[in-house]
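S.K.: Sequence first, then the predicted structure:
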Amino acid sequence: MTLEALRATPTGSRARRRELPPPGVLLALAVFALLVVAALAPGLFTGQDPIASDPRDSFAGPSAEHWLGTDQLGRDQFSRLVHGARYSILLGLGATLIGLVGGVVLGVLAGYARGVWDRAITRFLDVLLAFPDVLVALVTITVLGPGEWSLIWAVGLGRIPGSARLVRGEVLRIRESGFVRAGVGLGLSPARLILRHVVPNSLGPVLVHAVLGVGVSIIFGASLSFLGLGAVPPTPEWGLMLSEARQYLSIAPWTAIWPGLFITVTVVSITVVGRWSQQRFIAKRSSL
């Protein structure tokens, strides 16, 4: 290799540096990782009980004892926010998983089977998309009853139609590819073709869509809790905390500022990571 070629070839450290995400994406990843740790082990951040009340300390401002103040019942805001990360992260991941699994099953069945199955599933998805997400969530919560798991199912069912349509489009594209036709010619069963070739090759854009869907699920779940359709008191859930704080904005604005800020930071960090993943996937696909 010539000297010019050696100079033109990037060193390993330079190549790795170019592959690193931008600083903003790294910051978003760090924020989301911190929230996941708070969701899994809130005791690492606070030792106070999030539902223990002390009316004598109601609406206390930020102090050394209560870093972010207290609410109308004297409950520590910081402790409730830290423990609330569990419900929001669980909601976002659980609802996204439900939408992903349901979307993959319906999308693969519609895209690969074609014919009557495709028409029936497509019409079913069109009917679901015709109803507002809030109405679907309201019906689901009415049937299952209020609570965290009902909220997860309510948000997750609303994610299925979008995921299914995306999977169906990818399956239709892959179904006509050369390696699938070769597999059919070799006598591979439809189940083996779907599990070994069709599903793995169609999950790229679906997973990117799922990452973006985590933030959407969190903010939608918080909205339902704000409306009284999600978590029930005294659960330390961010949307419910906002709903309870709206009556006291004039005398204790911090009771609403902090939950709103936590929701915003969480959704923004997930969206930044999702957008970066989407751009990387599009660039990788265009280079093939």
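M.R.: Sure, I can see it. Residues are numbered from 1 along each chain as shown.

S.K.: in the stretch 51-200 of the chain, what spans have low per-residue confidence?
M.R.: Scanning the stretch 51-200 of the chain for pLDDT under 70 picks out the ranges 184.

S.K.: check contacts around the residue positioned nearest the centre of the chain.
M.R.: The centroid of the chain falls nearest to Val214 when counting by C-alpha atoms, centre = their mean (0.9 Å). By C-beta atoms under 8 Å, 6 or more residues apart in numbering, the residues touching Val214 are 92-93, 96, 270, 274. Just so you know, the C-beta spots here come from the backbone N, C-alpha and C atoms, and that holds for glycine as well.

S.K.: Which residue is the nearest non-sequential neighbour of it?
M.R.: Nearest residue to Val214, sequence neighbours excluded (C-beta to C-beta, 6 or more residues apart in numbering): Gly92, at 4.1 Å.

S.K.: Then Gly103?
M.R.: Nearest to Gly103 is Ser163, by C-beta to C-beta, 6+ apart, at 2.5 Å.

S.K.: Could you list the buried residues of the host helix or strand of that neighbour?
M.R.: Assigning secondary structure by DSSP states H and E places Ser163 in helix 148-175. Buried residues in helix 148-175, defined by neighbour count with 16 or more other C-beta atoms under 10 Å: 148, 150-172, 174-175.

S.K.: Mind giving me the packing neighbours of it?
M.R.: In terms of contacts (3 or more C-beta pairs under 8 Å, 6 or more residues apart in numbering; DSSP states H and E), helix 148-175 is packed against helix 77-113, helix 115-130, helix 133-144, helix 199-226.

S.K.: For Arg168, see how far away the residue nearest to Thr122 when sequence neighbours are not counted is.
M.R.: Of all residues not flanking Thr122 in the chain, Ala110 sits nearest, at 6.1 Å (C-beta to C-beta, 6+ apart). Between Ala110 and Arg168 the distance is 5 Å, computed by C-beta to C-beta, to the nearest Å.

S.K.: any residues in contact with both of these two?
M.R.: 118, 121-122.

S.K.: would JSON lines of these with distance to Pro205 be doable?
M.R.: Putting those into JSON lines (distance: C-beta to C-beta, whole Å) gives the following:
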{"residue": "Asp118", "distance to Pro205": "19"}
{"residue": "Ile121", "distance to Pro205": "19"}
{"residue": "Thr122", "distance to Pro205": "19"}
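
S.K.: looking at those, which has the most residues close by?
M.R.: Neighbour counts for these, by other C-beta atoms under 10 Å, peak at Ile121, which reaches 20 neighbours.

S.K.: Identify the residues contacting it.
M.R.: Ile121 touches 106, 109-110, 164, 168, counting by C-beta under 8 Å, 6+ apart.

S.K.: now with 10 Å?
M.R.: By C-beta atoms under 10 Å, 6 or more residues apart in numbering, the contact set of Ile121 is 105-107, 109-111, 113, 164-165, 168.

S.K.: Now render these as a markdown table, adding distance to Gly221.
M.R.: Output for these, formatted as a markdown table (distance: C-beta to C-beta, whole Å):
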| residue | distance to Gly221 |
| --- | --- |
| Val105 | 23 |
| Leu106 | 22 |
| Gly107 | 24 |
| Leu109 | 28 |
| Ala110 | 28 |
| Gly111 | 29 |
| Ala113 | 33 |
| Ala164 | 21 |
| Arg165 | 22 |
| Arg168 | 26 |
